[in-house]
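# This is a predicted model, with the sequence first.
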Amino acid sequence: MSDQEMDVVDENESENEEAMEEEEKNEEKTDKPSEVYLPTKPLEEGEELVCDQSAYVMLHQAQTGAPCLSFDILKDSLGEIRETYPLTAYIVAGTQAPQTHVNNVIVMKLSNLHKTNKGEDDEDDDDEESDDEISKNPKMAGALIKHQGCVNRIRSTIINNKVIAASWSELGRVNLWDLSQQLEAVDNDQLLSRYNKENKASSVKPLFTFTGHQKEGFAMDWCSTNVGVLATGDCKRDIHIWKPASGASWQVDQRPLVGHTDSVEDLQWSPNERSVIASCSVDKSIRIWDTRAQPSKACMLTAENSHESDVNVISWNKNEPFIVSGGDDGFLHIWDLRRFQQKTPVATFKHHTEPVTTVEWHPTDSAVFSSGGSDNQIALWDLSVEKDDESGSEEVEGIPPQLLFIHQGQNNIKELHWHPQLPGVIISTAESGFNIFRTISV
């Protein structure tokens, strides 16, 4: 991939120094200390936001030629819990270009991800690789696969030691891709050069394609407890269950699950029960299904009017029986599945000022999750924090005590994921590109 098509932007040290000097000059002029910005407070004339680098352990940015509004983190073999910098991550993303015929699935390797805020004890953290000749700029290698239509959503899994990705096309098709060749290419400069020179992106064919949906869709999830099982939901209201067949093939039940009355926006398999799946919809409901039953009888539980308008996203806690949902109303609701029949959330947060477009629980800390929305904010939450009326500490009005951190700087945030192998690291995508960061709060 050429430099024009993909680019990585790092925090430039000299620019940061200049910004800090300018900020110090402004403070000297006004004798007014810097303030913490809250999204509920409008900016006054002449005011501008400046990122507080001390609030981040790491913060990098990356751009692709066309925005990628959906992506997934690819599990790698570099180690389960990695906290030694620089870090490396692999992702697969799908573009949403203005022209249908120029879209791609992109397999990316993000490497040389150094800390951007180094403490006194971090001088030797990078070992011998911190020598002057080693650049501190992050690197990104990308291998393309031509994709028919914009990629509405993309999700990955591992089947027989191969990384497989499913992509939802705006043309109403769902494609499955073997990413083995692309992953090999991004790990080797010579292979990547040959891949691009031979234009292999145009010759890659999907393993399998399903054209049975009657409309395009966004909802999609691989089952983590039943290898190769996939669920896809469309904008009509239909959910189809896929099961792997012999060879590189899948059997897709042509009978959709019956229950929703409008577009299915998101799907999440239970992390513990291989036949149970949750869904949310424009019809304002959240539903729990048992896929062992006949499609007309598969819906076990329903929370009608779970939000005031469209329910956009859900995330199933990997360790506790909780689901978090986010909607067009800007609300975040926490649902206890042990009390789901009561159809009332056990906790509700109203911080986002526009639709919530992405939510995800922390992979190991059951009390922590992150949310993002069209208000250009990513919020980190900790449900273990409770309001302490006896502490005497001052609380910010309108900010719930469970709100740990607010990340900004991206335009129209679409999706975020915690990296399961890099503790505390979040990757997010928006119309303005990717952010890869870790805050000091998690």
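Great, that's in hand. Numbers count the residues shown, from 1 in each chain.

# strand partners of the helix or strand hosting Thr232, parallel vs antiparallel please.
Secondary structure assignment for Thr232, by DSSP states H and E: strand 230-234. Strand 230-234 has the following strand partners under DSSP bridges: strand 217-222 (antiparallel), strand 239-244 (antiparallel).

# As CSV, could you dump the C-alpha coordinates of that strand?
Provided in CSV are the C-alpha atoms of strand 230-234 (Å, rounded to 0.1, in the frame of the first residue of the first chain):
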residue,chain,number,x,y,z
LEU,A,230,-22.1,-16.8,13.1
ALA,A,231,-25.2,-14.7,13.4
THR,A,232,-26.1,-11.8,11.0
GLY,A,233,-29.0,-9.4,11.2
ASP,A,234,-30.3,-7.0,8.6
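
# Looking at the strands paired with strand 230-234, which is nearest to Trp335?
When those are compared by C-beta to C-beta, strand 217-222 sits nearest Trp335, at 17.1 Å. Bear in mind the C-beta positions are built from the backbone N, C-alpha and C, glycine included.

# ok, Pro138 to Asn435 distance?
As defined by C-beta to C-beta, to the nearest Å, Pro138 lies at a distance of 12 Å from Asn435.

# Now list whatever residues contact both of these two.
Here Pro138 and Asn435 share the contacting residues His60, scored by C-beta atoms under 8 Å, 6 or more residues apart in numbering.

# Make sure Leu191 is indeed in a helix.
Yes - secondary structure of Leu191 (DSSP: H, G, I helix; E, B strand; the rest coil): part of a helix.

# tell me which element the closest residue to it other than its chain neighbours falls in.
Spatially, and ignoring its direct neighbours in sequence, Leu191 is nearest to Ala185 (4.7 Å; C-beta to C-beta, 6 or more residues apart in numbering). Take DSSP H and E as the rule and Ala185 turns out to sit in helix 180-186.

# Could you list every helix and strand in contact with that helix?
Applying 3 or more C-beta pairs under 8 Å, 6 or more residues apart in numbering; DSSP states H and E, one finds that helix 180-186 contacts strand 103-113, strand 139-147, strand 162-169, helix 189-197.

# in the host helix or strand of Asp266, what's buried?
Assigned by DSSP H and E, Asp266 falls within strand 264-269. For strand 264-269, burial by neighbour count (16 or more other C-beta atoms under 10 Å) applies to 264-269.

# His307 against Trp335, yeah?
No - between His307 and Trp335 there is no contact under C-beta atoms under 8 Å: 11.3 Å.

# which of the two has more neighbours?
Trp335 (26 against 23; other C-beta atoms under 10 Å).

# Spell out which residues sit in contact with that one, please.
For Trp335, the contact set (C-beta under 8 Å, 6+ apart) comprises 286, 303, 306, 322-325, 345-346.

# now the strand holding Thr232 against strand 162-169, angle please.
Strand 230-234 and strand 162-169 meet at an angle of 10 degrees, taking axes from the mean of the first three to the mean of the last three C-alpha atoms, to 10 degrees as the criterion.

# buried residues in strand 230-234?
Neighbour-count burial for strand 230-234, with 16+ other C-beta under 10 Å as criterion, is recorded at 230-234.

# Report the separation between the residue nearest to Leu192 when sequence neighbours are not counted and Phe437.
Nearest non-adjacent residue to Leu192, counting by C-beta to C-beta, 6+ apart: Ala185, 4.4 Å away. According to C-beta to C-beta, Ala185 and Phe437 sit 27 Å apart.

# residue nearest the centroid of the protein?
Nearest residue to the geometric centre of the chain (C-alpha atoms, centre = their mean): Leu416, 2.3 Å.

# was I right about Ser249 contacting Phe208?
Yes - Ser249 is in contact with Phe208 according to C-beta under 8 Å; the separation is 6.0 Å.

# pLDDT score for Phe100?
Actually, residue 100 is Thr. It isn't Phe. pLDDT, Thr100: 79.

# Would you map the helices across the stretch 201-350 of the chain?
With DSSP state H, counting those that start in this stretch applied, the stretch 201-350 of the chain shows no helices anywhere along its length.

# who's more crowded, Ser249 and Phe208?
Legend: neighbour count by other C-beta under 10 Å for Ser249 and Phe208, higher for Phe208 (19 against 10).

# ok, His362 touching Ser371?
No - look at His362 against Ser371 with C-beta under 8 Å: they stay out of range, at 11.9 Å.

# of the two, who's got more company?
Neighbour count, other C-beta under 10 Å: between His362 and Ser371, Ser371 has more, with 26 against 22.

# Could you check what's spatially nearest to the more buried one, not counting adjacent residues?
Nearest residue to Ser371, sequence neighbours excluded (C-beta to C-beta, 6+ apart): Val359, at 4.7 Å.

# Same list (the strands paired with strand 230-234) but as a markdown table, adding mean neighbour count.
A markdown table is the format used below for these (neighbours: other C-beta atoms under 10 Å):
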| stretch | mean neighbour count |
| --- | --- |
| strand 217-222 | 24 |
| strand 239-244 | 20 |
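
# Now tabulate those strands in CSV and tack on distance to Ile399 and mean pLDDT.
As requested, these are arranged in CSV below (distance: least, C-beta to C-beta, whole Å; pLDDT from 0 to 100):
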stretch, distance to Ile399, mean pLDDT
strand 217-222, 31, 98
strand 239-244, 37, 98
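
# can you redo the ones you listed as TSV with distance to Ile164?
Output for the strands paired with strand 230-234, formatted as TSV (distance: least, C-beta to C-beta, whole Å):
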stretch	distance to Ile164
strand 217-222	8
strand 239-244	10
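
# Which of the ones you listed sits closest to Ile314?
strand 217-222 (9.7 Å).

# Let's see that closest one as CSV, backbone CA atoms only.
Output of strand 217-222 as CSV, limited to C-alpha atoms (Å, rounded to 0.1, in the frame of the first residue of the first chain):
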residue,chain,number,x,y,z
GLY,A,217,-27.5,-4.9,7.5
PHE,A,218,-25.0,-4.1,10.3
ALA,A,219,-25.5,-6.7,13.0
MET,A,220,-23.0,-9.5,13.1
ASP,A,221,-21.2,-11.6,15.7
TRP,A,222,-19.2,-14.8,15.9
